[in-house]
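Q: Pasting the sequence and the predicted coordinates here, then a few questions.
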Amino acid sequence: MSIARSRPAASLAGPLTIERRSLYDPVADQLRDMIVRGELLGGEKIRMVELADTLGVSITPLREALKVLAEEQLVELLPNRGARVVTYTAEAADQLFDVIASLEGLAAERAAMRMPGDALAELEAMHAEMRGHFDAGEREPYFALNSRIHVQLIARSGNDVLIATHARLMVRANRGRYMAIVDNRRWQEAMDEHEQLMAALRRRDAEAAGRIWRAHMRHTGAAVRLALMRADPPASG
């Protein structure tokens, strides 16, 4: 297993909805980001000593962090044999993004109707900064801002059940979202969809915002499926 030395940076998955304060949570955040970036691959057994050395931590907080990721279905704990990263399949991605598209479409509709002007201005600023990273071809800062925008839209739905459900699902979906923007055509399409959403929000057009955002997440799901199938093509019979 080849692991790049972890570097301090904003989490690719964006801000967590629920703030945790345990000592091992920064380790769990780093592991999530490594899974999102593909530095820890699906099906790969985690080499505890090597990974602890890479992260600069002892085995104990690493074990506790892996328990958190097991609850989130990102890793599988193996009895007396450590842990391995859960394999991300095309079928799982289809099911996941089908639900997320519905949730995010509803959130965009609600946000268009109820978002105050200062919140829209904040979203405009994030969008402009994200556009700059896109134009510069900077995927990681683009992805971090992209995630913050998605979280902001969900928060502006004002629906606590939607917010909590979305947060649980996105822990698993972020690996796929990052895979999707590796494809330059999909990345351009996604940027265009963000532009369309901002136009709908400025008009306070709830119907258009929901339609654009549901399509955006379905297109992302399709791109994830294609990326996964290219990585693991079906065996010919």
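A: The structure has been received and is ready for your questions.

Q: List phi and psi for Pro116.
A: Per-residue torsions, Pro116: phi -70, psi 160 (degrees, to the nearest 10).

Q: Can you tell me the number of residues neighbouring it?
A: For Pro116, the neighbour count with other C-beta atoms under 10 Å is 9. Where C-beta positions appear, they are placed from N, C-alpha and C, glycine not excepted.

Q: where does it land on pLDDT?
A: The model reports Pro116 with a pLDDT of 95.

Q: cool, and Leu169?
A: In this prediction, Leu169 carries a pLDDT score of 88.

Q: and if you look at the one 3 residues further on?
A: Listed pLDDT for Arg172 reads 80.

Q: Remind me which helix or strand it belongs to.
A: helix 160-180 (DSSP states H and E).

Q: What helices and strands are in contact with the helix or strand following that helix?
A: Beyond helix 160-180 in the direction of the C-terminus, DSSP H and E gives the next helix or strand as helix 184-203. Packing contacts for helix 184-203, counted by 3 or more C-beta pairs under 8 Å, 6 or more residues apart in numbering; DSSP states H and E, involve helix 90-114, helix 117-135, helix 139-155, helix 160-180, helix 206-231.

Q: contacts for the second one?
A: Applying C-beta atoms under 8 Å, 6 or more residues apart in numbering, the contact partners of helix 117-135 are 115, 139, 141-142, 145-146, 148-149, 152-153, 156, 187, 191, 194, 198, 201-202.

Q: For that helix, list every residue counted as buried.
A: Buried residues in helix 117-135, counted by 16 or more other C-beta atoms under 10 Å: Ala119, Leu120, Leu123, His127, Met130, Arg131, His133, Phe134.

Q: Can you tell me which of those lies closest to Val99?
A: Leu123 (23.7 Å; C-beta to C-beta).

Q: Let's verify Arg84: helix, strand, or coil?
A: State at Arg84, reduced to three classes by DSSP: H, G, I helix; E, B strand; the rest coil: strand.

Q: tell me the domain ranges of the protein?
A: Domains of the chain are assigned by automatic domain parsing as 25-85, 90-231.

Q: follow-up on the earlier one: report all helices and strands that the helix holding Arg172 contacts.
A: helix 25-37, helix 90-114, helix 139-155, helix 184-203, helix 206-231.

Q: what about the third one, average pLDDT?
A: To tie it back to what came earlier, the one meant is helix 139-155. 93.

Q: by how many degrees do it and helix 25-37 diverge?
A: 110 degrees (axes from the mean of the first three to the mean of the last three C-alpha atoms, to 10 degrees).

Q: just checking, what packs against helix 139-155?
A: So helix 139-155, by 3+ C-beta pairs under 8 Å, 6+ apart, packs with helix 90-114, helix 117-135, helix 160-180, helix 184-203.

Q: Pull the distance from the second one to the chain's centre.
A: Pointing back at helix 117-135 there. Its chain's average C-alpha position is 18 Å from that of helix 117-135, according to C-alpha atoms, centre = their mean, to the nearest Å.
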